[in-house]
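Participant: structure of the sequence below:
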Amino acid sequence: YIGANSKLSSIESTRISFGRYGSYLFSVLNILQLLGWTAVMILNGAVALDGVTKDVFNYQNETLWCILIGALICLWIIIGIKNLSTVNIFAVGALFIFTVILGITVFSGTANNKVVQETISFGAAVELSVIMPLSWLPLISDYTRNVRNEKAGTLSSALGYFVGSTFMYIIGLGAAIYAGTSDISVILMSTGLGLMALYIVIFSTVTTTFLDAYSAGVSFANIKEKADEKKAALIVCIIGVIMAIFIPTNQYENFLYLIGSVFAPLFAVLITDYFILKEQTIDACVIKMKNMGIWAF
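Facilitator: From the prediction side, this is the model:
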């Protein structure tokens, strides 16, 4: 809502509470985490795609899939956020239909008798459920700032995220029970979806990771105001592909969780300022030390 109302990107809006230089710090941290998540998502997509192509075509090439996914993300970036609506109608629409088919296949089938070994405590599940939407706070206003109607755009964004996430949690749990594993490539192949499974892996990865790369470009533009967001996003995507191919990104995930933790107190301060203290405009202050101290401690 802050982005929709003020027309500011997520990180740019932090200038309200932390000043211009404070927002620069958060821009750097956001770029680092989004670069990491771009690499992790590309690699995870490539690994899943490798498992599917092995079953369908008896062919594996994880490096090639990293490059393919990266190329499609770059295409999404080049098309641009304002021109993606038509493309997304087909890409995300088909993805939704195929996911519904996956859900029907899972819940109308017979569950695997094998006991799922991967376990998670109730507390950890709740924590992950909180972290997922929290992870979008540094990104979401990059997109809601473009809505025509502030309240309708905010409500649509929140409901869309809630319904989509709930839908995925239900299918994910059902699929893990159905296949006896949480390995997505094994799950997809056990359902016999074939080429449909390829589409699900590729476009679920591309449409999500595009947001990571694009928002990294937006955060860079907050530091260098005349910077081209598209070019910065393309560079982030290319670096992400290189990292996915050459760096063991599973070791990078702990760092990503750590750096991501800075955004909970950051937006707690911003939300308090904006909605409770009614400080809703950017002033000339280069850095607000009191709020920086509250965030740090």
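Participant: so which elements touch the lengthiest helix in the chain?
Facilitator: In terms of residue count, the longest helix belonging to the chain (DSSP state H) is helix 15-57. Other elements packing on helix 15-57 under the criterion 3 or more C-beta pairs under 8 Å, 6 or more residues apart in numbering; DSSP states H and E are helix 62-79, helix 137-144, helix 184-190, helix 195-223, helix 229-246, helix 253-260, helix 263-271, helix 289-296. Glycine gets a C-beta too; all of them are placed from N, C-alpha and C.
Participant: quick check: mean pLDDT of it?
Facilitator: When the per-residue pLDDT values of helix 15-57 are averaged, the result is 93.
Participant: before we move on, what about stretch 278-296?
Facilitator: Regarding stretch 278-296, the rounded mean pLDDT is 92.
Participant: over to stretch 77-96?
Facilitator: Rounded mean pLDDT across stretch 77-96 is 87.
Participant: give the buried residues for that stretch.
Facilitator: Taking 16 or more other C-beta atoms under 10 Å as the basis for neighbour counts, the residues of stretch 77-96 that come out buried are 77, 81, 84, 88, 91, 95.
Participant: three-state assignment of residue 95?
Facilitator: Secondary structure state of residue 95, per DSSP: H, G, I helix; E, B strand; the rest coil, is helix.
Participant: contacts only, for the closest residue to it other than its chain neighbours.
Facilitator: Once its chain neighbours are removed from consideration, residue 95 has its nearest residue in residue 203; the separation is 5.0 Å (C-beta to C-beta, 6 or more residues apart in numbering). For residue 203, the contacting residues are 91, 92, 94, 95, taking C-beta atoms under 8 Å, 6 or more residues apart in numbering as the criterion.
Participant: ok, residue 203 to residue 73 distance?
Facilitator: Using C-beta to C-beta, to the nearest Å, one gets 11 Å for the distance from residue 203 to residue 73.
Participant: and what of residue 286?
Facilitator: Between residue 286 and residue 73 the distance is 35 Å, computed by C-beta to C-beta.
Participant: how about residue 4?
Facilitator: As judged by C-beta to C-beta, residue 4 and residue 73 stand 26 Å apart.
Participant: hang on, the earlier thing: so what's the gap between the longest helix of the chain and the chain middle?
Facilitator: The chain centroid and the centroid of helix 15-57 are separated by 7 Å under C-alpha atoms, centre = their mean, to the nearest Å.
Participant: also stretch 242-250?
Facilitator: With C-alpha atoms, centre = their mean as the basis, the mean position of stretch 242-250 lies at 18 Å from the chain mean.
Participant: give me the contact list for that stretch.
Facilitator: Under the contact criterion C-beta under 8 Å, 6+ apart, stretch 242-250 has outside partners 35-36, 38-40, 42-43, 46, 63, 66-67, 70, 252.
Participant: for the stretch 151-297 of the chain, which spans come out with low pLDDT?
Facilitator: 249-254, 256 (pLDDT under 70).
Participant: I'd like the helices and strands packed on helix 15-57 as a markdown table, with distance to residue 165 appended.
Facilitator: Rendered in a markdown table, the data for these read as follows (distance: least, C-beta to C-beta, whole Å):
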| stretch | distance to residue 165 |
| --- | --- |
| helix 62-79 | 21 |
| helix 137-144 | 13 |
| helix 184-190 | 16 |
| helix 195-223 | 12 |
| helix 229-246 | 23 |
| helix 253-260 | 17 |
| helix 263-271 | 18 |
| helix 289-296 | 27 |
